[in-house]
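Visitor: sharing a model that was predicted from the sequence below.
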Amino acid sequence: MGRRSERLSRQGALAGDAGEGDVIQVVSRAFDVLRCFEGHEARLGNLEISNRCGLPRSTVSRLTHTLTRMGQLVYLPRDQKYRIGPSAVAMSASMMKGAQLRSMIRQRLQEVAEQLPGTVGFVVPDRFHLVYLQFARSASALGLHEGTGSRISMASTAAGAAYTAALAPEVGDTFITDMEREAPEAAKILRPRIEANRQSLREHGYVTACGIWSPHINGLAVPIWSPQYQTFVVITIGLLSSMYDEQRLHAEVAPLMVALGRSLGSLLEGAEGDVFNNRISRKPVAMAVHNNNKPINSEGVDELEAGTRRARPARSLRAGDGRR
């Protein structure tokens, strides 16, 4: 009888009768399911989804049923599989507006890429990964060949190191604690380096990662505060370690990337629309910045998200008063 009650309770959570914590977990798991579909043509059954996202098959079955009713997925009876549905496609299309701004971002990335034989990327955080929104590379680029939509590790890349270092310490520590619970192997890579990354960001305005993702690749990344996303986005570059050792990264690559960070930071600050035109209007609230305790207007976000609004390197990565 107890097991039946527990099972009904879980089903009630999926139906919307759960507490706040359960609702958050259900929403998070629903996005886990949707992330399994890498392209509009991907077709997956419940077992494949379960294997990809690590959720029990019974949970996946309930989620795919609900997502199908919402139009986020479509069920294919002949294949007994699912694919991305019209609602998800429509939502994606509405988010992919702001082409002019994205074009300007890519143009600035390309200006740097023409001077360095690597891939320059503009990435945003997605849980324990980052996703390329824009990229540029020269014809002579060697090594990395990431493209728009590619997902990279938060733990083993320069971009991930820069993003986590830019977060307020208490927020970054909470983030890594969550990672230890959900992606322990990744957390083992990131936690020992977090303090050094924070120090590098304070002193230089950027973070490097040499030979961590691959022994053949060295990377450098600069975090930028984004009003559009109310968190940090990152510009990053990966270069062959045989051509660019850490000393050369500091001497030749860092000045170009720091200048690019300032340029894109100003672009994002002054943009009338969002990169994806999906910002939700929320009531501004006063909040103190960690670097100077002056109140600023921020969006009405929860306490954890608010903590991500730390020093803003987009304006000045090494200002005279010590701000990043």
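Guide: Nice, I can see it. The structure displayed is predicted, hence computed values, not measured ones.
Visitor: any low-confidence regions in the stretch 101-250 of the chain?
Guide: Low-confidence segments of the stretch 101-250 of the chain, defined by pLDDT under 70, span residues 140-147, 229.
Visitor: show me the strands in it, by range?
Guide: Secondary structure of the stretch 101-250 of the chain by DSSP state E, counting those that start in this stretch: the strands cover 119-126, 129-137, 151-153, 207-210, 217-226, 231-240.
Visitor: so which of the ones you listed is the most packed in?
Guide: The highest mean neighbour count among the strands of the stretch 101-250 of the chain belongs to strand 217-226 (a mean of 28), with neighbours defined as mean count of other CB atoms under 10 Å. Using the backbone N, CA and C atoms, a C-beta is placed for each residue, glycine as well.
Visitor: spell out which residues make up each domain of the protein.
Guide: With the TED database as the criterion, the domains of the chain are listed as 25-84, 97-275.
Visitor: single out the most deeply packed of those.
Guide: When you average the neighbours per residue for each of the domains of the chain (mean count of other CB under 10 Å), domain 97-275 leads with a mean of 19.
Visitor: distance to residue 100 added to the strands of the stretch 101-250 of the chain, as JSON lines?
Guide: Supplementary listing: the strands of the stretch 101-250 of the chain in JSON lines, determined by distance: least, CB to CB, whole Å:
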{"stretch": "strand 119-126", "distance to residue 100": "15"}
{"stretch": "strand 129-137", "distance to residue 100": "13"}
{"stretch": "strand 151-153", "distance to residue 100": "26"}
{"stretch": "strand 207-210", "distance to residue 100": "30"}
{"stretch": "strand 217-226", "distance to residue 100": "17"}
{"stretch": "strand 231-240", "distance to residue 100": "18"}
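Visitor: among those strands, which is nearest residue 269?
Guide: Nearest to residue 269 among these is strand 217-226 (8.3 Å), distances taken as CB to CB.
Visitor: next, the angle from that closest one to strand 231-240.
Guide: Strand 217-226 and strand 231-240 are oriented at 160 degrees to each other (axes from the mean of the first three to the mean of the last three CA atoms, to 10 degrees).
Visitor: relative to strand 129-137, how tilted is strand 217-226?
Guide: Direction vectors for strand 217-226 and strand 129-137, defined by the same axes, to 10 degrees, enclose an angle of 100 degrees.
Visitor: oh, and call the first residue 121 from now on, that's how I've got it
Guide: Got it, first residue is 121 now, which makes that one strand 337-346.
Visitor: tell me the strands beside strand 337-346, with direction?
Guide: Sheet neighbours of strand 337-346, with direction, are listed as strand 327-330 (antiparallel), strand 351-360 (antiparallel) (DSSP bridges).
Visitor: can you tell me what sits against the first one?
Guide: By that I understand strand 327-330. Applying CB atoms under 8 Å, 6 or more residues apart in numbering, the set of residues contacting strand 327-330 from outside is 276-278, 280-282, 285, 317, 320-321, 338-342, 361, 365-366, 369-370.
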